[in-house]
Structures are given as C-alpha cells and as structure tokens.
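**Q** From the sequence below, what's the structure:
(one chain, ligands or ions: 2)
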Amino acid sequence: MVKDDCIFCKISKGDIPSATIYETADFRVILDVAPANKGHVLILTKEHFDNIFQMDAETAGKLFSLATVVARAIKEETGCDGLNVLQNNGEVAGQTVHHFHLHLIPRFKDDEVVIKWEPKETVAEEQQALAKAIKKYI
Ligand code: AMP
Ligand code: ZN
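**A** Residues are numbered from 1 along each chain as shown. Ligands and ions are numbered 1, 2, ... in the order given. Sure, this is the predicted structure:
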C-alpha cells in the first residue's frame, strides 16, 4: 500500500530524490537530510506502515537483517565508535514522519548527541505482574 500524501512513500518509490545508499524490493536506505551526526541513515519500508504497530513480522525480520549489514557499512565508512538504532512510533514518542523508518545513528566519542531518559525505580513483584500481563497478548 502507498499513501498519497506521504513523503516517505514518494522517497521510497523514487518519486522524490534522496541520497540513496542501497535499495531492495522492500526497502530504501537513505541519508537523513537533517542528521544527528554525519552518516545518520534511515531505512524506509517501500510499503506504507504508519509505525511498528502496523508492520508484519516478515518485513520486520528482513528489516533488521538489512540493518545489521548497513550498520557495519556505516561503521566502515565513518569510523564511528558506536551506533544507536532508534525507531519512533507516534507523536508522543517523537515520530514526525508517520511512515515506518529505522534510524541508524553513528556515535563518536564526545559527540553531543543526546538520547536520554531518567530511569524510574521498580518493585520486583510489580515487574513480575507486568511481565505476565504483557505476555498474555503475545
Ligand atoms: P522521526 O522523528 O523518527 O519521524 O524522524 C524523521 C526523520 O526524517 C528526521 O530525522 C528527519 O530529518 C528525516 N527527514 C525528513 N524529511 C526527509 C527527507 N526528505 N529526506 C531525508 N530525511 C528526511
Ligand atoms: Zn508512506
């Protein structure tokens, strides 16, 4: 499925130009136009999924398989010391383009990229109960 007013549908199909690194039948791998660091890559699905909640398991498997190859390529070229894999779902989670995409962000010692949260305290029994509650949907 393609969504008419979706910029990443247009980019993934090649209707809007992008700095494309690689392409398969299912994905287009591009450079982010406003990167967190040099070498910040996005993997776009060619099919339109708003987010992870819509994505099928087969596509997700192929996606992560491709991500491992692309991550190594980024590391080879940029000489990065580390890399964040990031994927935002929904406005509250920071998603701005509502077409599924995976961020691969190379990290360098002392770069000023911030991906951070304040860890919350947990209670072991509550964690066990929550784990069980979530499991029932799997
Ligand atoms: P997110 O906040 O996870 O939805 O990320 C959207 C990402 O898409 C941002 O990092 C943008 O810089 C990037 N972006 C938006 N438009 C374009 C475009 N035309 N080409 C490449 N990257 C884009
Ligand atoms: Zn789309």
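**Q** use CA for all of it now, contacts and neighbours both
**A** OK.
**Q** in which helix or strand would I find Val69?
**A** helix 57-78 (DSSP states H and E).
**Q** Residues touching that helix, excluding its own?
**A** Asp26, Phe27, Lys38, Gly39, Ile43, Cys80, Asp81, Gly82, Leu83, Leu104, Pro106 (CA atoms under 8 Å, 6 or more residues apart in numbering).
**Q** Spell out which parts of this structure neighbour ligand 2.
**A** Cys6, Phe8, Cys9, His48, His99 (CA under 5 Å from the ion).
**Q** in this structure, which residue is closest to the centre?
**A** Leu102 (1.5 Å; CA atoms, centre = their mean).
**Q** What residues are bridge-paired with it?
**A** Ile43 (DSSP bridges).
**Q** For Lys109, give me phi and psi.
**A** phi -50, psi 130 (degrees, to the nearest 10).
**Q** Centroid-wise, who is the farthest residue in the protein?
**A** Max radial position in the chain (CA atoms, centre = their mean) goes to Glu125, at 32.5 Å.
**Q** Helix, strand or coil: sort out that one for me.
**A** helix (DSSP: H, G, I helix; E, B strand; the rest coil).
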